[in-house]
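Trainee: got a predicted structure plus its sequence, pasted below:
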Amino acid sequence: MPAPARVFLVFLFAYFLSYFFRSANAVIAPDLSRDLSLSPAQLGFMTSLFYLTFAVVQIPLGGLLDRFGPRFVHPSLMLFGAAGSLIYANAHGFAALSLGRALLGVGMAAGLMASLKAFSLWFPKERFASVSSLFVALGGSGAIVASRPLVELNQALGWRGVFTWGALVIVLAALLVAALVRNAPAGTALPSSSQASSAQLWRTQALWRIGFLNFVLGGGFLAWQTLWGGDYLYKVREMAGLEVGNLLFVFSLSALFGFLLCGPLSERFGIGRLLLGGGVSFTAALALLAFWPWLPKPLLYLPYMVMGFTGAFNILGLSQARLLYPAGLTGRVVTAINFMGFIGTFLLQWGMGQVVGARGYPTAFLIWLVLLIMALAFYWPLAKPKSSGGTARPA
């Protein structure tokens, strides 16, 4: 097997697990709430801790990847995830469950960023968007397994059994990364890290425009996919577990196709235009749920399909940022964008729990829609034909 393909596949297995564990609570939420007497606010906060710790780790992660490469940084973090999965499986209260979920976030924090750092060295620059979108599309199958298949697995093993076995699989993936991956092709050294400080990086306009859109679109996409998209169907539409699993399956399958196609589409239409168009379509689908609360159940598949497909375009923000900065900054740039996306997931997932508990889903939808419109308006200057390069300017 060619070395680039081996690197791609090994990282893919690890990233698959990241997507599975971040998405699992959307299916097992009723069991968690029943077994551990969790309120909506507790459920939202506990689930969002994955994204909080995931986001916090991004701050040092970029520098570590730029300096040491992904081969050992990634699997070292994954061992924290294995410990978290075991704690989660054996939790009998909110505190232990929260600790396990938080450690899972730490363990999975390098799944995409380590891969993108490696791909920037193993694949030509002009193929970066296509390779990364294909990678995220295939890794997104972890969310598909965390839909209808997880419903059936949960019925067979229970959620505690799922997370116990999951810990062993995480360890296996960590060992494979350490054993089978090199940081760079033979004879190629890691690019020397740029002298530009993180403070200078955060003063560029493009970083904030892409980052805020990723905060609201990417963060909201994951918050919906991994918790509230299921909770909404359970509580508002009063659907049963298999019905919910089917809709989440459609959402995740649509996201897989979105991830798969957004790279080739961006090469034809431009990253900026496609990302803006995806954001507008996602917002329109959310508005359908918000303003047509009696939407017939069979028609619910339409907004879930559109939100899954176009929400996946958020990955293009990483590719656009990658093209705006030198190779020595790749780790810090993509982790900065990723940090904002996962902080968005944490705040939106937690905040939606607070709003839903106090005012219900209509108010939560309205707040999210306003944030999306603001983010799209702020991003607009970067949405130019074939706009993926250029020079990042200080804000």
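Mentor: Sure, I can see it. Predicted model only: the values in this text are computed from it and were never measured.
Trainee: buried stuff in stretch 83-94?
Mentor: 83-89, 91, 94 (16 or more other CB atoms under 10 Å). To be clear about C-beta, it is placed using only N, CA and C from the backbone, and glycine gets the same treatment.
Trainee: start to end distance for it?
Mentor: 17 Å (CA to CA, to the nearest Å).
Trainee: now that stretch: mean pLDDT?
Mentor: Mean per-residue pLDDT for stretch 83-94: 95.
Trainee: residue 340 against residue 216, yeah?
Mentor: No. Residue 340 lies out of contact with residue 216 (CB atoms under 8 Å); the separation is 9.5 Å.
Trainee: ok, the two, which is more surrounded?
Mentor: Higher neighbour count among residue 340 and residue 216: residue 216, with 28 against 24, using other CB atoms under 10 Å.
Trainee: how about the more buried one: what's its closest non-neighbour residue?
Mentor: residue 375 (4.1 Å; CB to CB, 6 or more residues apart in numbering).
Trainee: check which helix or strand covers that neighbour.
Mentor: Using DSSP states H and E, residue 375 sits within helix 361-379.
Trainee: next one: that helix to chain centre, how far?
Mentor: From the chain centre to the centre of helix 361-379 is a distance of 19 Å (CA atoms, centre = their mean, to the nearest Å).
Trainee: just give me the longest helix of the protein.
Mentor: The longest helix of the chain (DSSP state H) is helix 148-180.
Trainee: coming back round to it: dump the buried residues of stretch 83-94 to TSV, plus secondary structure and distance to residue 67.
Mentor: Listed next are these as TSV, based on DSSP: H, G, I helix; E, B strand; the rest coil; distance: CB to CB, whole Å:
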residue	secondary structure	distance to residue 67
83	helix	25
84	helix	26
85	helix	28
86	helix	31
87	helix	30
88	helix	32
89	helix	35
91	coil	36
94	helix	38
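Trainee: how about those in TSV, adding distance to residue 254?
Mentor: As requested, those are exported to TSV (distance: CB to CB, whole Å):
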residue	distance to residue 254
83	33
84	29
85	28
86	33
87	33
88	28
89	30
91	32
94	33
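Trainee: going by distance to residue 1, which of those residues wins?
Mentor: Closest approach between those and residue 1, by CB to CB: residue 85, at 29.3 Å.
Trainee: now do the residue lying closest to that closest one once chain neighbours are set aside: how many residues are near it, please.
Mentor: Nearest residue to residue 85, sequence neighbours excluded (CB to CB, 6+ apart): residue 167, at 3.9 Å. Residues lying near residue 167 (other CB under 10 Å) number 22.
Trainee: coming back round to it: for the longest helix of the chain, list every residue counted as buried.
Mentor: Under 16+ other CB under 10 Å, the buried positions of helix 148-180 are 148, 150-151, 153-154, 159-160, 162-164, 166-167, 169-171, 173-174, 176-177.
Trainee: thinking again about what came up before, show me the contact partners of the helix holding residue 375.
Mentor: Residues from elsewhere that reach helix 361-379, judged by CB atoms under 8 Å, 6 or more residues apart in numbering: 208-210, 212-213, 215-217, 220, 228, 232, 236, 275-276, 279-280, 282-283, 286-287, 289-290, 293, 348, 351-352, 355-356.
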